[in-house]
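>>> take this sequence and fold it.
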Amino acid sequence: MKESDLFVINVSIVENIFPIRILRKDEERIRKAAKLVNDKFKVYQRKYSDTENAKLLSMLAIELASEYLKVESQTDMDPFVEKVQEMEQALNEYLKNE
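As a prediction, this is how the structure comes out:
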């Protein structure tokens, strides 16, 4: 990745603007992520109106991290790859004995 591949976008998260250096191909995903954070933050803000923003953001971070880990575990292909390798090895051994 070259420096020329990067450009800066300004992302607004909970009334704060952050300049972020990204690849052009990542812009849509980053903007969607910022919108998701802002939308979920508003839900937390309505639900816990007496709680300060920093605590709400912490709660939101835990929720999003939990969702990420759930998706990550559902898309983990390692157990399937191992099973296919075992089956391939068993098939190769069977074919050698034929």
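>>> drop to CA atoms for contacts and neighbour counts, all remaining ones
Will do.
>>> next, the buried residues of the helix or strand of the chain with the lowest mean pLDDT.
When each helix and strand of the chain is scored by mean pLDDT, DSSP states H and E, helix 78-97 comes last, with a mean of 81. By neighbour count with 16 or more other C-alpha atoms under 10 Å, helix 78-97 contains no buried residues.
>>> where in this structure is pLDDT low?
Applying pLDDT under 70 to the chain picks out residues 1-3.
>>> quick one: the helices in it?
27-47, 53-74, 78-97 (DSSP state H).
>>> can I get stretch 40-57 in PDB, CA atoms only?
Only the C-alpha atoms of stretch 40-57 are listed here, as PDB (Å, rounded to 0.1, in the frame of the first residue of the first chain):
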ATOM      1  CA  LYS A  40     -26.900   2.500  17.900                       C
ATOM      2  CA  PHE A  41     -25.700   5.300  20.100                       C
ATOM      3  CA  LYS A  42     -29.000   7.100  19.700                       C
ATOM      4  CA  VAL A  43     -30.800   4.000  20.800                       C
ATOM      5  CA  TYR A  44     -28.600   3.700  23.900                       C
ATOM      6  CA  GLN A  45     -29.000   7.500  24.600                       C
ATOM      7  CA  ARG A  46     -32.800   7.100  24.500                       C
ATOM      8  CA  LYS A  47     -32.800   4.000  26.600                       C
ATOM      9  CA  TYR A  48     -30.300   5.300  29.200                       C
ATOM     10  CA  SER A  49     -30.900   9.100  29.100                       C
ATOM     11  CA  ASP A  50     -29.200   9.700  32.500                       C
ATOM     12  CA  THR A  51     -25.900   8.100  31.500                       C
ATOM     13  CA  GLU A  52     -22.900  10.000  30.200                       C
ATOM     14  CA  ASN A  53     -21.800   9.600  26.600                       C
ATOM     15  CA  ALA A  54     -18.500   8.000  27.500                       C
ATOM     16  CA  LYS A  55     -20.300   5.200  29.300                       C
ATOM     17  CA  LEU A  56     -22.800   4.800  26.500                       C
ATOM     18  CA  LEU A  57     -19.900   4.500  24.000                       C
END
